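K.L.:
Could you look at this predicted model? Sequence included:
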Amino acid sequence: MNDFSNDESQLHPCMADSTVTQLAEANETMTHIKQAVTELPAQQKQVFILRHYQHLPLKEIAELLGVKTGTVKAHLFYAIRNLQQLLADYVQV
């Protein structure tokens, strides 16, 4: 007689199959985003990382890089546009 359930969610009640799947998909998405960021031109990559990973305000990024805030905005705009193109196969708009 088998005392074990075939339902794997019983093994880890806090981690249902759908949660595990969502975590795996999120991890895969982050991997694609990180790879796409590495493909950006240097200035765009630098501004994007400072803004979205370091959470710095635009004014502070401008001061760090020695450029005007408008220049930072432009690099950020083009970085996001390029990332959208690089990630088009993975993102539904």
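P.N.:
Perfect, I can see it now.
K.L.:
The longest helix anywhere in the chain - what's its average pLDDT?
P.N.:
In the chain, taking DSSP state H as the definition, the longest helix is helix 17-38. Taken as a whole, helix 17-38 has a mean pLDDT of 86.
K.L.:
next helix or strand past that helix?
P.N.:
For helix 17-38, the succeeding helix or strand toward the C-terminus, using DSSP states H and E, is helix 42-48.
K.L.:
re the thing from before, in the longest helix of the chain, what counts as buried?
P.N.:
By neighbour count on 16 or more other Cβ atoms under 10 Å, the buried set for helix 17-38 is 36-37. Quick note: C-beta positions are derived from backbone N, CA and C, even for glycine.
K.L.:
What is it packed up against?
P.N.:
helix 42-48, helix 69-86 (3 or more Cβ pairs under 8 Å, 6 or more residues apart in numbering; DSSP states H and E).
K.L.:
pLDDT below threshold where in the chain?
P.N.:
Scanning the chain for pLDDT under 70 picks out 1-16, 91-93.
K.L.:
ok, the closest residue to Ile33 other than its chain neighbours to Gln35 distance?
P.N.:
Nearest non-adjacent residue to Ile33, counting by Cβ to Cβ, 6 or more residues apart in numbering: Leu87, 6.7 Å away. Noted for Leu87: a distance of 9 Å to Gln35, by Cβ to Cβ, to the nearest Å.
K.L.:
That's all I had, so thanks and see you.
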